[in-house]
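Novice: Fold the following.
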Amino acid sequence: MDSRHLLDLVVSLLLLGGLFFLLTGSFGLLRLRDVYSRMHATTKSTTLGVAGIVFAALIFLRGLDMSSGLREVLIVVFLFLTAPVGAHMIARAAYRAGVSLWDGGAVDEFKTWEEKNR
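Specialist: Model (predicted):
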């Protein structure tokens, strides 16, 4: 197996992994019951999915000597820094707007903490 075939194999595996995570996030968005669970599923899986696709692009373009890889690394770093912050802010806004948790899902620990610290 020469280096070109190995490069194609690694790129294909990263693309398939990214596609798997993106599809998993889409199914999570459709199947989960409340906004908090849906947001968790989509944020985690799309971050990993997009990272896999961007790393596949990085490896492919580096193999062709068309990119230094800095742009792709910065994209992934920016994604890893902003996606959790955005998800946290959306969850916080939903909680403060009174969006209820799914009854069979979780315990509202923040409510008990908030009541205790008033």
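
Novice: wait, Leu22 sits on Thr46?
Specialist: Yes: using CB atoms under 8 Å, Leu22 is in contact with Thr46, at 6.2 Å. From N, CA and C alone the C-beta is placed, and that goes for glycine too.

Novice: wouldn't Thr46 be in contact with Leu19 here?
Specialist: No: if you go by CB under 8 Å, Thr46 and Leu19 don't touch, sitting 11.6 Å apart.

Novice: ok, the two, which is more surrounded?
Specialist: Thr46 (20 against 13; other CB atoms under 10 Å).

Novice: Buried residues, whichever helix or strand that one is part of. List them.
Specialist: Per DSSP states H and E: Thr46 is located in helix 35-63. Neighbour counts over helix 35-63 (16 or more other CB atoms under 10 Å) mark 35-61, 63 as buried.

Novice: Could you name the helices and strands sitting against that helix?
Specialist: With contacts taken as 3 or more CB pairs under 8 Å, 6 or more residues apart in numbering; DSSP states H and E, helix 35-63 sits against helix 3-31, helix 70-96.

Novice: avg pLDDT for the first one?
Specialist: Which is helix 3-31. Helix 3-31 shows a mean pLDDT of 92.

Novice: shaky segments in the chain?
Specialist: 105-111, 113-114 (pLDDT under 70).

Novice: Which residue lies nearest the spatial centre of it?
Specialist: In the chain, the centroid-proximal residue (CA atoms, centre = their mean) is Thr47; its distance is 2.3 Å.

Novice: My read is that that one contacts Phe78, right?
Specialist: No: the pair Thr47 / Phe78 is not scored as a contact, 11.0 Å apart, by CB under 8 Å.

Novice: quick one: contacts for Leu15?
Specialist: Counting by CB atoms under 8 Å, 6 or more residues apart in numbering, Leu15 touches Gly52, Ile53, Ala56.

Novice: Go again with 10 Å.
Specialist: Gly52, Ile53, Phe55, Ala56, Ala57, Phe60 (CB atoms under 10 Å, 6 or more residues apart in numbering).

Novice: Quick one: neighbours of Ser67, just the number.
Specialist: 15.
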